[in-house]
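Participant: Whatever this is, show me its structure:
(2 chains)
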Protein chains: 2
Amino acid sequence: MTQHPYDALMAHQFETEALAQIAGRLGWDQETMMPSGAGAQRAEEVGVLEAVLHARRIDPRMGEWLSAINDADLTEVEAAQMRHIRRSYARTVKLPEKLVIAQAKLASRAHGIWAEARETDDVDFFLPVLEEVIELKREEAAALADGGDLYDALLEEYEPGTTGDQIGAMFDRMRDRLVPLREKIIGSNTYIAPLAGHFPEDGQMTLARYVADRFGYDFRHGRLDKSVHPFSSGSGTDVRITTRVDEADPQNCVYSTIHEVGHGCYEQQIDPEFGMTPLGGGVSMGVHESQSRIYENQIGRSRAFTRWLYTRMRDIFGHAGAADAENFYRAVNRVHSGFIRTEADEVHYNLHIMLRFDLERDLIRGALEVADLEEAWNSRFTADFGGQVDKPSNGVLQDVHWAAGLFGYFPTYALGNVYAGCLNKALRQAVPDLDLPLSRGMTEDATDWLRDNVQVHGGLYQPRDLIARACGFDPSEEPLLDYLETKFGDIYGL
Amino acid sequence: MTQHPYDALMAHQFETEALAQIAGRLGWDQETMMPSGAGAQRAEEVGVLEAVLHARRIDPRMGEWLSAINDADLTEVEAAQMRHIRRSYARTVKLPEKLVIAQAKLASRAHGIWAEARETDDVDFFLPVLEEVIELKREEAAALADGGDLYDALLEEYEPGTTGDQIGAMFDRMRDRLVPLREKIIGSNTYIAPLAGHFPEDGQMTLARYVADRFGYDFRHGRLDKSVHPFSSGSGTDVRITTRVDEADPQNCVYSTIHEVGHGCYEQQIDPEFGMTPLGGGVSMGVHESQSRIYENQIGRSRAFTRWLYTRMRDIFGHAGAADAENFYRAVNRVHSGFIRTEADEVHYNLHIMLRFDLERDLIRGALEVADLEEAWNSRFTADFGGQVDKPSNGVLQDVHWAAGLFGYFPTYALGNVYAGCLNKALRQAVPDLDLPLSRGMTEDATDWLRDNVQVHGGLYQPRDLIARACGFDPSEEPLLDYLETKFGDIYGL
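Facilitator: Below you'll find the predicted structure:
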């Protein structure tokens, strides 16, 4: 009996997903457990596994199966599987093997040069290799674009179905309200003190585990460790997250944890029927970030939840770094000008993204020369943030993304915030008295709603459609901006 | 330009080794880090990776390359590589795919049944599945044996170049001296108290790390964690070991650690030139065990080293569980009758192995029926150990090996002890004043000698030849028995 092409394709796909999960586990190991001297051997091991994966993804049988399948004969779920597989296969076979290998080699070299350039604040040391990265990235984009827009072709990898024009227009509208909001807050001369005091690591990790549990993170199917940069990794029944600890700043650990718990719960709560298939992971970077952000900000930094958190911190540390619950709430939401994206508050964060989006889009389209990049960064920073970049490591050299060739990735952070704003509006309509349980540290009303309306669907719907279905309205930036203006207007008495 | 067949084969082999290292890392993760609910998914992931590995190992090109290579044209190292590859390929292609799959499925089921049978002390619950395991194992042996002895064909997997007859004859000679030694010790009515007191886990792990470091274990290329059963895993620059902690019995943690450090140092100290090739791992189970045993027993349980260990334990715990260094030495070497192999002392350990070797050899050769196994175990136990087995979990159900199909594995434990005896004799001749540095916790004189004479060679020489080269004499059981009679004659005043 011959296997139906769809079944044959899905069996092949299952094995590919299994090997991809293994690759993910190795990545987790590298950042958390791997001995310091094992890096070179690990790179060789991973290189071999990636080659096995690549060979499976361009396997000529894939093309035969795809031609033999008539999507009209399929169920909704099967058709969604095919959408992912066709899209991914089409992109993969368009990329010349030579280019893929050249990019992998360059990424490793570029990372080393970037790290050294940032360390020594030497932009000129970085720019030549960035030039090379962009050249290959433009080649990649041209291969993918079929004559269309180069930047859109890259963005499609992270956020299927969204274009640079859509995002650019939305960012312009956001900027028109964010820059004035920022200026009003800074101009209000309201000083909010950050959390103060000493918070021992053991207590922070205890708190992190406790909070993760409260948000529904399932430790039977995950674990929480420390790493230099927090991340989440894996799908299905093995979804691991990390956090970091600064004993002078407990916010860092708590909110990094809640952020990664958002990512982790999304992966854990996808319909198990989709396990080890293309539908078994988060549907896009933007939607993924919407989950981490709504957990972290709209829920985790709400006045209600911070009231509970304040009490738990006093239990664990004997103090919570603030005089009372209200000052604690203000401290974890304080708006402060700063150079660094990853340290930005809710008001500044999207401004950091918009700056990067405009610059990287121009770089890819050839509208900005690498030689002019630092100047472009610094003047835009002054325009949006009102200060002068003091050194490249606080400016154009701060992020790893461009060295790693991740062009098109940055805007998904802001898109995640926008989606989180939409979901928060719908959630608050669906559960009007949400603050009551939140003030007791009970997040189920919120997380169950997100699970049932977003997370469980995995890759079943297109990203934007998924958010629209969940919210009952078309996604836009307005709910996020309304939320920010209301929340920070209140905190800063505007 | 066409690649030389040897180079093509080694390039293929490199990739296979890299994927095998990844499989090993997943095994480590499963025993140390994996979330409890991730087992089913992990089994699927590992199954796919094993299938990729198997396909590489029976790749038809392997046969073509092997035919095209004339070993006479090769260097000594290249010829040794070929010896390993030819042997492994010949065995792999002899096994029918159907049998391999049936064994993998059965192993998983048999493990579950064995665990439940041991838990409930129900031999009859286990025997039917053991019957199935043996049936498939005999099929495997027949496929491998080319008409030769079935048990030898299985033993060859773990200890190339050694036969059941050789081991059987050696074990008979050992038994003739071990049983009387055991009886004299028990008959001496000398009571030696075990270590007593409470030893907190933190202190034990601190001590374990300290001792591992003293034995030359390289934490830049390894790590030490806890697991239910201690093990070592990985080759080259990523060799991880585990230990376990019993707060009432610090011996368990310290000597499990030193044992695994022996395995780990062997892997870490193989010539880096052999990395990711068949020569880049320990050459056989017996030689591997010789390293763990000489580290653990001939060095770690020597009067000289325990003098230092006694002082370090007093530093860490405030006491060492014994009145003075001499009583500490006697306590960690106390001989006690017991049912369980893994808890046995140096005198009893090999008797446990001989019992298993005779029974499993008869099972494979069809000279013993599964129905008669428990009776055979119990009467042999009484003959060699002088007591009655009180329940199956203390007898025939205690070890996982047979459920897992590991027939031919047990004798390598005793062979390791024999090789350790030989190496210890040669080491003491080469470094006559070894006790002086050992009594200061300095093991370099011993471990450097083992590194240079055994470990660095990896798989370059045949197991028995390697030991003979290192020692300057043909390996035999005599040095081990001389050592045991002298050491325990002294401790027990025989």
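
Participant: Show me the strands in the stretch 101-250 of chain A, by range?
Facilitator: In the stretch 101-250 of chain A, the segments counted as strands under DSSP state E, counting those that start in this stretch are A:224-226, A:232-233, A:240-243.

Participant: For chain B, what's its nearest residue on the stretch 301-450 of chain A.
Facilitator: Proximity to chain B, evaluated over the stretch 301-450 of chain A using C-beta to the nearest C-beta, is greatest for residue A:447 at 18.7 Å. All C-beta spots, glycine's among them, are computed from the backbone N, C-alpha and C.

Participant: Confirm for me that residue A:9 is in contact with residue A:66.
Facilitator: Yes. With contact defined as C-beta atoms under 8 Å, residue A:9 and residue A:66 form a contacting pair (7.1 Å).

Participant: More neighbours: which of these two?
Facilitator: Neighbours of residue A:9 and residue A:66, each counted by other C-beta atoms under 10 Å in any protein chain shown, are more numerous for residue A:9; the result is 22 against 17.

Participant: Now do the same contact list for that one.
Facilitator: Residue A:9 makes contact with A:62, A:65, A:66, A:69, A:85 under the criterion C-beta atoms under 8 Å, 6 or more residues apart in numbering or on different chains.

Participant: hmm, 6 Å instead?
Facilitator: In this structure, residue A:9 makes contact with residue A:65, judged by C-beta atoms under 6 Å, 6 or more residues apart in numbering or on different chains.

Participant: What confidence value was assigned to it?
Facilitator: According to the per-residue confidence, residue A:9 scores 98 in pLDDT.

Participant: same question, residue A:3
Facilitator: The per-residue pLDDT reported for residue A:3 equals 81.

Participant: how many other residues sit next to it?
Facilitator: Burial of residue A:3 is recorded as 11 neighbouring residues (other C-beta under 10 Å).

Participant: The closest residue to residue A:416 other than its chain neighbours is in what secondary structure piece?
Facilitator: Leaving aside its chain neighbours, residue A:416 sits nearest to residue A:289 (2.4 Å; criterion: C-beta to C-beta, 6 or more residues apart in numbering or on different chains). With elements delineated by DSSP states H and E, residue A:289 resides in helix A:285-293, which encompasses its position.

Participant: Identify the residues contacting the closest residue to residue A:417 other than its chain neighbours.
Facilitator: The shortest distance from residue A:417 to any residue other than its chain neighbours is 5.4 Å, reached at residue A:293 (C-beta to C-beta, 6+ apart). With contact taken as C-beta under 6 Å, 6+ apart, residue A:293 is in contact with A:416, A:417, A:420.

Participant: hmm, back to that, pretty sure the residue of the stretch 301-450 of chain A closest to chain B sits in a helix.
Facilitator: Yes. The assignment for residue A:447 is a helix, going by DSSP: H, G, I helix; E, B strand; the rest coil.

Participant: How about it, nearest residue that isn't a chain neighbour?
Facilitator: If you skip the residues right next to it in sequence, residue A:447 has residue A:216 as its closest partner in space, 4.7 Å away by C-beta to C-beta, 6+ apart.

Participant: Where do the domain boundaries of chain A fall?
Facilitator: With automatic domain parsing serving as the domain definition, the record reports that chain A contains domains spanning A:5-143, A:144-494.

Participant: Pretty sure the residue of the stretch 301-450 of chain A closest to chain B sits against residue A:214.
Facilitator: No. At 9.3 Å, residue A:447 and residue A:214 do not qualify as touching, with contact defined as C-beta atoms under 6 Å.

Participant: who has more neighbours, the two?
Facilitator: Neighbour count, other C-beta under 10 Å: between residue A:447 and residue A:214, residue A:447 has more, with 24 against 20.

Participant: mind checking pLDDT for that one?
Facilitator: Turning to residue A:447, the model gives it a pLDDT of 98.

Participant: Show me which residues of chain A are close to chain B?
Facilitator: Counting by C-beta under 6 Å from any C-beta of the partner chain, the residues of chain A close to chain B are A:15, A:18-19, A:21-22, A:35-38, A:41, A:44-45, A:48, A:220-223, A:236-238.

Participant: Out of those, which end up buried?
Facilitator: Among the residues of chain A next to chain B, those classed as buried by neighbour count (16 or more other C-beta atoms under 10 Å in any protein chain shown) are A:15, A:18-19, A:21-22, A:35, A:38, A:41, A:44-45, A:48, A:221-223, A:236-238.

Participant: can you tell me which of the residues of chain A next to chain B are in helices?
Facilitator: Members of these lying in helices (criterion: DSSP state H): A:15, A:18, A:19, A:21, A:22, A:41, A:44, A:45, A:48.

Participant: what's the closest of those to residue A:322?
Facilitator: The closest of these to residue A:322 turns out to be residue A:21 (C-beta to C-beta; 42.0 Å).

Participant: residue contacts, the closest one?
Facilitator: The neighbourhood of residue A:21, defined by C-beta under 6 Å, 6+ apart, consists of residue B:45.

Participant: repeat for residue A:279
Facilitator: The contact partners of residue A:279, taken as C-beta under 6 Å, 6+ apart, are A:80, A:81, A:458, A:459, A:460.

Participant: and it, how far is that from chain B?
Facilitator: As for residue A:279, its distance to chain B is 16 Å (criterion: C-beta to the nearest C-beta, to the nearest Å).

Participant: all helices of the stretch 351-494 of chain A, in order?
Facilitator: In the stretch 351-494 of chain A, the segments counted as helices under DSSP state H, counting those that start in this stretch are A:373-385, A:410-430, A:435-438, A:444-453, A:463-471, A:478-492.

Participant: any idea how far the third one is from the chain center?
Facilitator: On the basis of C-alpha atoms, centre = their mean, to the nearest Å, helix A:435-438 is displaced by 27 Å from the centre of the chain it belongs to.
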